[in-house]
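1. No sequence on hand, only this structure:
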Ligand code: HEM
């Protein structure tokens, strides 16, 4: 056994002092039809080709173990699920959240918050008919907004309203200025969290990840994150205060009410993690994750359907055949729509929204891949590398729904489909996201044919920004009524 990156231990095979001699993070040229790459992922995957699927990089003084390809990622997240269930450091966000809130929590705090959040999302309809009706209504609102053809396609508002319904028990009007501001804030946060290029080859966020103690004193977009989180935080605090005034302990209306009730139940328990800080920050996390991940996938999906009109046409034929034009799509239609189901999977695989995954950490000394990873080691599971693993996808760089179809045209699962990650930290909103993706895509394509104002072959899929996540480029679409 060999030990990765112990202080004073001999250099490891594949270990790199990345920050001292920075590898050039050059603009990654993206071939016209190839999948959107994060520059960081590209760089890390190239290192994987050279050093093998498991290697260490140094982000400044901080060693991070990188896992590349389906086999290495699966072995960590699935086969050693418990040991790899810690949340790794993300200095850009840690300085704001300090380990509070479900996404960034660790240990008992995370266990309590995760269990509670899953149960509460289910109680408020995740995976159930009641929530399906809400999503369908929102999808119809989106159709109406698009019909008005005022150049506004409020995809983010649609999905934000679904998570708002669960978290705050309320939907907002698309024209509501405050709501629009919140959506913009989330989007900006997503963008700044990814990092904007400003200092040579590195983004401020990348530099912050490497040298937080210096970067916190320097100006730049990495600091805008603070203001944006404050806006979201203030909004949630306001909502919590509203709920507190009208709380009925026997009748929770939403996630916030349920949390307040839990706080009341556990107020004598000194080990309870149910406090205002975890409530507000978990609500921020749900709002953020629930809005931006789904809307980015939908936006990439619409772009891909314009680029590949033959695929769009095939989906519409399936919609016409199974659903028709006289009723709204329902999740139970999915079983009879293998092609559409495969296209949605392929959109998620190809758009690769979270290529680096959210950092993990090992919670105890861990034997893995012939190395010993000391407790607390940060681990990047490159989800994007699993989604493009040539052993599982015959033509991984191309958009091909055939990746999820068998020779008879039936839907075929692919075990390297890690868009939602896997294991103990697997996306908490997966059920909700899957429902939303199916219902919104089918509702839109039932009513419209999406056409690009430019030649489909000219459509450029390069992300607007990339880093921990890929943000789709801005584009115009023509929604032609069918
Ligand atoms: C297409 C949409 C989505 C994608 C691709 C996605 C993907 C992911 C990924 C890759 C992770 C990291 C898992 C890990 O640490 O290994 C994650 C975590 C998480 N997601 Fe999602 N997500 C989506 C939608 C949602 C929605 C709708 C919600 C809200 C209900 C949500 C809430 C969360 C939360 C709370 C976590 C943290 C889980 C934990 O740390 O235990 N996500 N998601």
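-> Perfect, thanks for sending it. Owing to the predicted nature of the structure, the values given are computational and were not obtained by experimental measurement. Numbering: from 1, shown residues only.

2. residues in contact with the residue most central in space within the chain?
-> The chain has residue 293 as the residue nearest its centroid, 4.2 Å off, counting by C-alpha atoms, centre = their mean. By C-beta atoms under 8 Å, 6 or more residues apart in numbering, the residues touching residue 293 are 353, 354, 427, 429, 433. Using the backbone N, CA and C atoms, a C-beta is placed for each residue, glycine as well.

3. The last one falls within a strand, correct?
-> Just to be clear, that refers to residue 433. No: assigned with DSSP: H, G, I helix; E, B strand; the rest coil, residue 433 falls outside any strand and is helix.

4. Next up, the contacts around it.
-> Neighbour list for residue 433: 293, 294, 297, 420, 427 [criterion: C-beta under 8 Å, 6+ apart].

5. Run a quick neighbour tally on the residue lying closest to residue 295 once chain neighbours are set aside.
-> Residue nearest to residue 295 in three dimensions, not counting chain neighbours: residue 156, with 4.2 Å by C-beta to C-beta, 6 or more residues apart in numbering. If you count neighbours by other C-beta atoms under 10 Å, residue 156 ends up with 21.

6. Figure out how far the helix or strand hosting residue 156 is from the centre of its chain.
-> Secondary structure from DSSP states H and E places residue 156 in helix 155-168. Between the centre of helix 155-168 and the centre of its chain there are 15 Å (C-alpha atoms, centre = their mean, to the nearest Å).

7. What of stretch 87-107?
-> That offset, for stretch 87-107, works out to 16 Å (C-alpha atoms, centre = their mean).

8. Over to stretch 362-375?
-> On the basis of C-alpha atoms, centre = their mean, stretch 362-375 is displaced by 26 Å from the centre of the chain it belongs to.

9. Numbering from 36 from now on, please.
-> That works, and once the first residue is 36, the last one we named lands at stretch 397-410.

10. That one and the ligand, are they touching?
-> No: using C-beta under 6 Å from any ligand atom, stretch 397-410 never reaches the ligand; the gap is at least 13.1 Å.

11. again, but for stretch 176-192
-> No: counting by C-beta under 6 Å from any ligand atom, the ligand is not contacted by stretch 176-192; separation bottoms out at 12.3 Å.

12. can you give me the end-to-end distance of that stretch?
-> Across stretch 176-192, the terminal residues are separated by 10 Å (C-alpha to C-alpha, to the nearest Å).

13. How about it, which residues are buried there?
-> 176, 177, 178, 180, 181, 188, 189, 190, 191, 192 (16 or more other C-beta atoms under 10 Å).

14. who's in contact with it?
-> Residues from elsewhere that reach stretch 176-192, judged by C-beta under 8 Å, 6+ apart: 193, 196, 207, 209, 214-215, 218, 221-222, 326-327, 330, 333-334, 337, 475, 478-479, 482-483, 512, 514, 516.

15. Next one: the residue in the chain positioned nearest to the ligand from residue 295, what distance?
-> Per C-beta to the nearest ligand atom, residue 464 is where the chain lies closest to the ligand, at 2.2 Å. Per C-beta to C-beta, to the nearest Å, residue 464 is found 21 Å from residue 295.

16. Pull out the buried members of the contacts of stretch 176-192.
-> 193, 196, 207, 209, 214-215, 218, 221-222, 326-327, 330, 333-334, 337, 475, 478-479, 482-483, 512, 514.

17. returning to that earlier point: any chance of TSV for the contacts of residue 328, columns secondary structure and pLDDT?
-> TSV is the format used below for these (DSSP: H, G, I helix; E, B strand; the rest coil; pLDDT from 0 to 100):
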residue	secondary structure	pLDDT
388	coil	92
389	coil	92
462	coil	96
464	coil	93
468	helix	94
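
18. Top of those residues by number of neighbours, please.
-> Neighbour-wise, the contacts of residue 328 (other C-beta under 10 Å) top out at residue 388, 24 neighbours.

19. give the contact list for it.
-> Contact analysis of residue 388 by C-beta under 8 Å, 6+ apart lists 328, 331, 332, 335, 454, 504, 505.

20. excluding its backbone neighbours, what's nearest the last one?
-> Of all residues beyond its chain neighbours, the one nearest residue 505 is residue 498 (4.3 Å), with distances taken as C-beta to C-beta, 6+ apart.
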